[in-house]
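A.B. asks: Quick one, structure for this:
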Amino acid sequence: MDEHVRTCELLFSAARSEFRHLEHFYFHNCIYESVWKHNSRRHHERIAVADLIHRYGRDWRVILVGDAHMGPYEIMEPGGSVEHWNEEAGRVWLERLTSHFSRHVWLNPMPEQEWAYSSSVAIVRRLLEQRMLPLTPAGIDQAARLLR
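C.D. replies: Here you go, the predicted model:
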């Protein structure tokens, strides 16, 4: 995803002018127990996802941005993260997020025709109720409609 950081920064910069309240957080490959505000400080300044679920009401919308291209074990297994030991599978955290924030989408910067070649993309799409859209103007437009 590192090659997509600049695109995401532009997206969030543009989105900031459209939303009264906007928070953004980084994660690597899959959501686990924590996220971070500054990518350069990802190992030192983590924010518990459980705290975000308690801090932000059900009326908040969640937009996850990532290519979802990872080992399936990173989603399905405890200890599957490639960066740290995660006690609970990424799937558990994705389910917690999507059950609390019912208005959610995942924007994928990879070309949509490549999604079929990744089992992890299929898993994430299933977990997010097929709410994965391409990170394109048309995909963003469709995401805005889903989030209303």
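
A.B. asks: can you pull the contacts of the closest residue to residue 81 other than its chain neighbours?
C.D. replies: The shortest distance from residue 81 to any non-neighbouring residue, by Cβ to Cβ, 6 or more residues apart in numbering, is to residue 32 (5.7 Å). From N, CA and C alone the C-beta is placed, and that goes for glycine too. Neighbour list for residue 32: 49, 81, 84, 86, 88, 90, 93 [criterion: Cβ atoms under 8 Å, 6 or more residues apart in numbering].

A.B. asks: Would you map the strands across the chain?
C.D. replies: With strands called from DSSP state E, the chain shows them at 34-36, 46-48, 62-65, 104-108, 132-134.

A.B. asks: So which of those is nearest residue 146?
C.D. replies: Residue 146 lies closest, by Cβ to Cβ, to one member of the strands of the chain: strand 104-108, at 5.5 Å.

A.B. asks: which neighbours does the closest one have in its sheet, and in what orientation?
C.D. replies: Strand 104-108 pairs in its sheet with strand 62-65 (parallel), strand 132-134 (parallel), by DSSP bridges.

A.B. asks: Lowest average confidence across those strands, which one?
C.D. replies: Per-stretch mean pLDDT for the strands paired with strand 104-108 is lowest at strand 62-65 (a mean of 91).

A.B. asks: what about the protein, any weak spots by pLDDT?
C.D. replies: By pLDDT under 70, the low-scoring segments of the chain are 1-4, 17-18, 39-43.

A.B. asks: The spatially most central residue of it - nearest residue in space that isn't next to it in sequence?
C.D. replies: Nearest to the geometric centre of the chain sits residue 64, at 2.7 Å (Cα atoms, centre = their mean). Computed as Cβ to Cβ, 6+ apart, the closest residue to residue 64 that is not its neighbour in sequence is residue 106, at 4.4 Å.
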